[in-house]
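Trainee: Test case, fold it:
(one chain, ligands or ions: 1)
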Amino acid sequence: MTPGLAEDIGNGNNNVVPLLPRTTVELEFRNIKCTINTYSLIKFKMEQRQILKGVSGCFKPGALTAIMGPSGAGKTTLLNILAGYSTQGAKGEIAVNGACTCASQSSGRGGARYIRQHDDLRAYLTVYEAMSLAAALKLADFSRHERKEKVYEILALLGLSAAAETLCRDLSGGQKRRLAVALELLSDPSLMFLDEPTTGLDSSASASLITLLNNLARGGRTLIATIHQPSALIFEKIDNVYCLEAGRTLYNGPRAALVPALARAGLQCPSYHNPADFLMEVASGEYDVDLIKVAKKMSQFKTDDAVNGSWVEIPTIPALPSSLDISTEMKSKHFGESPKMRKLSKNIYKPSGQVRQTAILLYRNYLITTRNYALFMYRVAAHVVIALIFGYLYSGVGGEASSVLGNYVYLYGSMLLTVYTGKMSVTLSFPLEMEILKGEYFNRWYNLAPYIFSILAVELPFQMISCVSYVVLSYWLTDNPLEPTRATLFLATIVATSLCAQAWGYFIGSTTPTKIAVFIGPVLACLFSVFGFCLALSDTPRYFRWLHYISYFRAGFHVAVYSVYGFNRKKLQCSKLYCQFVTPKTFLKQMDMEEVDIGGNMTIVILTTVLMHLLTCAALWYRLNKR
Ligand SMILES: Nc1ncnc2c1ncn2[C@@H]1O[C@H](COP(=O)(O)OP(=O)(O)OP(=O)(O)O)[C@@H](O)[C@H]1O
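Mentor: Numbers count the residues shown, from 1 in each chain. Okay, here's the model as predicted:
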């Protein structure tokens, strides 16, 4: 790599042409409309809202296009539809290199990569690890050495070499955005969408990022970014402007032709005024003009007029070959591609297979977990502390006839604790994970099955270790029977029920927003726990009995109680004058648990676990593919 190339990029040297895409993509869209059905809380009825009102345009390779407009004009909606990231309520036609698709089709168009506004990065990976793991997922046909070379090349191009060993969470806002771009550049995409890439960055970081995007576009990519209100410096680096106002196109053309086009429509941009600010003022309705007429006049304005005028400079975009594939020779001729890049470009960007994806994702989760081990330690520590508290409060209740009811409460409390910790830990954390998953899945890093497997392979042992540490300690402190069969069955039941609750947690977390999930999770756990503990089957109204049969909590609890008091347990010692439950069978009879079908109940727990995981997979697949 040319010495000082990274610095050139950071300093905004426009002559630098970084990694080149393998193909060029021309994106044309016609009459895009988007209508959303919303429920009016004031009128108590469904209402239709048209967000995009038939917009058209064409984004060509080699240029950076900024989609601009006032807040709520529909910029993100248009970007999402064009990328195929979210196409709810969309109509119209989108053509990629002339091949038409329906705007409502939700899949990455033309191998598009989408970089969202939020930094969807793995906080506990270093920049180099994030890059090399992404490279391992995306570049299956590269050797380890070639991948490493490519990672270093891109990091240098994006000015991130010095931050290679920094954890992603410790990067500055600008570095995070550049890393998000770097991660997607690994597969040399031809079409990139960026939602508000400069939001939250200071002017220098924003300018540096836009310079980088401009350079990437110069290499033959089609780059489209929504930008709210660019400074004059940033605006200068944009090639084309697509301005929206209230879901309609106000201006679509070269940035350099904007001011004359506005003048042609009777709107003179004051001298020393940032044209981007002026455009925003016009689009926001600050001038008393009919914006539909303004848009019409501006669309009639010929770029040629501006080019012929001495006061307008149109940036020179390298002429690109019309064929889809840019040959190596052409790349060298047009863009001065380095020999090293040329060598790396020879490889085919083939994603890794499912088994390899699973191995890479497992390794990634292992790294994240070991870095964030405090979370695991807190979880185990919480279980140990509760075990000590329960053990102290219910000390010795397991072997004593006068405290059978106390032990029953301990057993119920144990079940409730492990069900809650199993369920709530994932119910609350999965919606956050979902955000990163959406981005990585859309950008085709991996398939869903390896992802789910890698998540479960970490989370399941976590919960199992937590449960075991709680049960072993509290069971021993409460003096419950230590016969191997009973103790093992009790432990296995608690762990299995907790994992079943965890499966429910995944389902709730992947289907409901966090705000709803936080109460749906506990409410369901409470509902299921009522059956079997507070309410015997004989006392349950007929129309509620199905809940008794499907309750995994009830099934697990019955097996747990039976493992302690069933299997013809001998009489208990009574240290008082009278003990009602000296014979354990009497107690089981009283609790409606004289006959507990161990196999049947465990089947309910295991089947519910499998069913909930399958439903989670189906829900995730639907959410990720039908946006
Ligand atoms: N799913 C939805 N349901 C209801 N309204 C929506 C939905 N998505 C977008 N909108 C509405 O559509 C309008 C355009 O939204 P969009 O996010 O595209 O605007 P924007 O131009 O990107 O705004 P900003 O610059 O503030 O991000 C907004 O008024 C928004 O409230």
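
Trainee: burial count for Leu405?
Mentor: Neighbour count of Leu405, defined by other C-beta atoms under 10 Å: 14. The C-beta positions use only the backbone N, C-alpha and C, and glycine is treated the same way.

Trainee: Likewise for His118?
Mentor: His118 has 15 neighbours, counted by other C-beta under 10 Å.

Trainee: Check whether the closest residue to it other than its chain neighbours sits in a helix, strand or coil.
Mentor: Leaving out its chain neighbours, the residue that sits closest to His118 by C-beta to C-beta, 6 or more residues apart in numbering is Glu435, at 6.7 Å. Three-state call for Glu435 (DSSP: H, G, I helix; E, B strand; the rest coil): helix.

Trainee: you'd agree Glu435 is up against Asp119?
Mentor: No - contact status for Glu435 versus Asp119: not in contact, 10.2 Å apart, counting by C-beta atoms under 8 Å.

Trainee: picking up where we left off before, the residue nearest to His118 and Gly509, how far apart?
Mentor: 12 Å (C-beta to C-beta, to the nearest Å).

Trainee: more neighbours, the two?
Mentor: Gly509 (27 against 12).

Trainee: Does Gly54 touch Thr35 like I think?
Mentor: No - the pair Gly54 and Thr35 fails to qualify as a contact (C-beta under 8 Å) at a distance of 11.0 Å.

Trainee: Between these two, which contacts overlap?
Mentor: Residues touching both Gly54 and Thr35 (C-beta atoms under 8 Å, 6 or more residues apart in numbering): there are none.

Trainee: By proximity to the ligand, which residue of the stretch 451-600 of the chain wins?
Mentor: Pro513 (12.8 Å; C-beta to the nearest ligand atom).

Trainee: The residue lying closest to that residue once chain neighbours are set aside - how many residues pack around it?
Mentor: Closest residue to Pro513 apart from its sequence neighbours, by C-beta to C-beta, 6+ apart: Pro431 at 6.8 Å. Neighbour count of Pro431, defined by other C-beta under 10 Å: 20.

Trainee: Quick check: which ranges of the chain have low pLDDT?
Mentor: Applying pLDDT under 70 to the chain flags residues 1-22, 106-108, 110, 302-350, 531-534, 627.

Trainee: what residues does it put near the ligand?
Mentor: Proximity of the chain to the ligand (C-beta under 6 Å from any ligand atom) is limited to residues 36, 38, 49, 51, 69, 71-77, 228.

Trainee: Out of these, which sit inside strands?
Mentor: In this view, the residues of the chain next to the ligand that belong to strands under DSSP state E are 36, 38, 49, 51.

Trainee: dump the residue contacts of the third one.
Mentor: This means Arg49. Taking C-beta under 8 Å, 6+ apart as the test, what Arg49 contacts is 35-38.

Trainee: re the thing from before, show me which of the ones in strands among the residues of the chain next to the ligand are buried.
Mentor: Neighbour counting by 16 or more other C-beta atoms under 10 Å classes Ile51 among these as buried.

Trainee: is it possible to export the ones in strands among the residues of the chain next to the ligand to CSV including distance to Cys526?
Mentor: Listed next are these as CSV, based on distance: C-beta to C-beta, whole Å:
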residue, distance to Cys526
Ile36, 36
Thr38, 33
Arg49, 38
Ile51, 40
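
Trainee: mind listing what the residue nearest to Pro513 touches?
Mentor: Contact partners of Pro431, counting by C-beta under 8 Å, 6+ apart, are 509, 513-514, 517.

Trainee: out of the residues you listed, which is most surrounded?
Mentor: Gly509 leads the contacts of Pro431 on contacts (other C-beta under 10 Å) with 27 neighbours.

Trainee: mind listing the strands for the stretch 201-350 of the chain?
Mentor: With DSSP state E, counting those that start in this stretch as the criterion, the stretch 201-350 of the chain has strands at 222-226, 240-245, 248-254.

Trainee: now the ones you listed in TSV, with mean neighbour count?
Mentor: Below are the strands of the stretch 201-350 of the chain laid out as TSV (neighbours: other C-beta atoms under 10 Å):
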stretch	mean neighbour count
strand 222-226	27
strand 240-245	25
strand 248-254	21
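
Trainee: so can I have CSV of these showing distance to Pro450?
Mentor: Conversion of the strands of the stretch 201-350 of the chain to CSV gives the following (distance: least, C-beta to C-beta, whole Å):
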stretch, distance to Pro450
strand 222-226, 30
strand 240-245, 38
strand 248-254, 42
